[in-house]
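K.L.:
let me see the structure of the following:
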Amino acid sequence: MPFKMKFLITGGAGFLGSHLIEHLEGDITVVDDFSTAKYELPKKVRVLRERIESFKTDEKFDYVIHLAARPSPDDYMQHPVETALSNSLGTYNALEIARRSDAVFLYTSSSEVYGHAEVVPTPEDYWGKVNPVGVRSCYDESKRFSEALIMAYYREYGLDVRIQRPFNVYGPRLREDGAYGRVVSRFIYQALKGEDLTVYGDGNQTRAFLYVDDWVEATLKMLFTKGLKGEVINVGSDKETRIIDLANLIIKLTGSRSKIKFLPPRPDDPPRRAADISKAKRLLNWEPKTPLEEGLRKTIDWFRGVIR
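P.N.:
Got it, this is the predicted structure:
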């Protein structure tokens, strides 16, 4: 029999993990507490309903992919302790499994490590400007701690670690009830329901949106490309979109009669965000292929099929 690769994926039942698994071949084990996930995984996947912070195993794997996190501001500000533990104890536990297995360790960090970036598009060597005790720090700073711990394992144990920093990934399988708090899913849900689209602040803040298929392509390249040990790579778009423009575009694409409702700005909300992807182009031969309007149309079509 041909040798089968073994994958351990934390948070694998969530938005990103469910898409990635469709493109992996081998023995796949998912550890997920289903706190934010709600999608059934293929039968080929072994699912363990546990928190990565307390998960124990003597099994060995070829790849450990640490996706488990609460990436939505609404969500992580309601669960700050769980959020911080997932990105500290959870990361430590996943690293120990990878170290015992001599596995490749891939971490999905976040563009949030850059905070209020003063350089936009932001390169990987920008150190960030983050409030260490603000309401977002449970996520921002725990992601930064995870990266530091991962690089410590690389330097002390020689572990093959790779860190990606995704920027605002969207697409089908985002929480369709809008409860997850991500701006694309919230706007689409509100537009399809005929509700006001809620914009925090004046809407002039920018984000750079990445369609999930493009994220999957970059992630597969980060997993399987040789020579990436110890590398940190932005996975995102360098094209900024104002939140107010995103809201108006989604109203247009859905044919909604929704209006825009402005709410007070969120605390510590970064005014601009976009990725410098020159490193991804050079090391992965990758850049996004899906234009924003095309990705939004696909996402809206999926939402139409699941919203009740």
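K.L.:
gap between the helix or strand hosting His19 and the chain center?
P.N.:
For His19, the host element (DSSP states H and E) is helix 15-21. Distance, stretch centre to chain centre, for helix 15-21: 10 Å (Cα atoms, centre = their mean, to the nearest Å).
K.L.:
and what of stretch 117-129?
P.N.:
That offset, for stretch 117-129, works out to 18 Å (Cα atoms, centre = their mean).
K.L.:
export that stretch as PDB, just CAs?
P.N.:
Output of stretch 117-129 as PDB, limited to C-alpha atoms (Å, rounded to 0.1, in the frame of the first residue of the first chain):
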ATOM      1  CA  ALA A 117      -0.300  49.200  11.200                       C
ATOM      2  CA  GLU A 118       1.500  52.400  10.200                       C
ATOM      3  CA  VAL A 119       2.800  50.700   7.000                       C
ATOM      4  CA  VAL A 120       0.100  49.600   4.600                       C
ATOM      5  CA  PRO A 121       0.300  47.300   2.700                       C
ATOM      6  CA  THR A 122       2.000  45.700   5.600                       C
ATOM      7  CA  PRO A 123       5.100  43.400   5.100                       C
ATOM      8  CA  GLU A 124       6.000  40.500   7.400                       C
ATOM      9  CA  ASP A 125       9.000  42.400   8.900                       C
ATOM     10  CA  TYR A 126       6.700  45.100  10.300                       C
ATOM     11  CA  TRP A 127       6.600  44.500  14.100                       C
ATOM     12  CA  GLY A 128       3.100  45.900  14.700                       C
ATOM     13  CA  LYS A 129       1.400  48.400  16.900                       C
END
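K.L.:
which residues touch that stretch?
P.N.:
111, 113-116, 144, 165, 206, 208, 232-234, 238, 240, 270, 272-279 (Cβ atoms under 8 Å, 6 or more residues apart in numbering). (Glycine included, C-beta is placed from N, CA and C.)
K.L.:
are any of those buried, and if so which?
P.N.:
In terms of neighbour count (16 or more other Cβ atoms under 10 Å), the buried residues within these are 111, 113-115, 144, 165, 206, 208, 232-234, 238, 240, 270, 272-277, 279.
K.L.:
which of these fall within helices?
P.N.:
Applying DSSP state H to the buried ones among the contacts of stretch 117-129, the entries found in helices are Arg144, Lys279.
K.L.:
any weak-confidence spans in the stretch 101-250 of the chain?
P.N.:
Scanning the stretch 101-250 of the chain for pLDDT under 70 picks out 177-181.
K.L.:
same thing but at 90, please
P.N.:
134-139, 174-182 (pLDDT under 90).
K.L.:
how far is whatever helix or strand Glu96 lives in from where the chain is centred?
P.N.:
Per DSSP H and E: Glu96 is located in helix 89-101. Relative to the centre of its chain, helix 89-101 is centred 19 Å away, using Cα atoms, centre = their mean.
K.L.:
which helix or strand lies directly C-terminal to that helix?
P.N.:
That would be, after helix 89-101 and using DSSP H and E, strand 104-108.
K.L.:
that next one pairs with which strands, parallel or anti?
P.N.:
If you go by DSSP bridges, strand 104-108 pairs up with strand 63-66 (parallel), strand 161-166 (parallel).
K.L.:
ok and it relative to helix 89-101, angle-wise?
P.N.:
Strand 104-108 runs at 160 degrees relative to helix 89-101, counting by axes from the mean of the first three to the mean of the last three Cα atoms, to 10 degrees.
K.L.:
ok but Tyr76 is inside a helix, no?
P.N.:
Yes - with DSSP: H, G, I helix; E, B strand; the rest coil as the criterion, Tyr76 is located in a helix.
K.L.:
count of residues packed around Arg282?
P.N.:
10 (other Cβ atoms under 10 Å).
K.L.:
on that earlier part again, so which of the buried ones among the contacts of stretch 117-129 are in strands?
P.N.:
Arg165, Thr206, Val232, Ile233, Asn234 (DSSP state E).
K.L.:
same list (those residues) but as JSON lines, adding distance to Ile21.
P.N.:
Below are those laid out as JSON lines (distance: Cβ to Cβ, whole Å):
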{"residue": "Arg165", "distance to Ile21": "21"}
{"residue": "Thr206", "distance to Ile21": "31"}
{"residue": "Val232", "distance to Ile21": "24"}
{"residue": "Ile233", "distance to Ile21": "21"}
{"residue": "Asn234", "distance to Ile21": "23"}
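K.L.:
closest to Leu48 out of these?
P.N.:
Nearest to Leu48 among those is Arg165, at 27.2 Å by Cβ to Cβ.
K.L.:
now the strands for the stretch 151-300 of the chain?
P.N.:
Counting by DSSP state E, counting those that start in this stretch, one finds strands in the stretch 151-300 of the chain at the ranges 161-166, 169-170, 197-200, 206-207, 210-211, 231-235, 241-242, 260-263.
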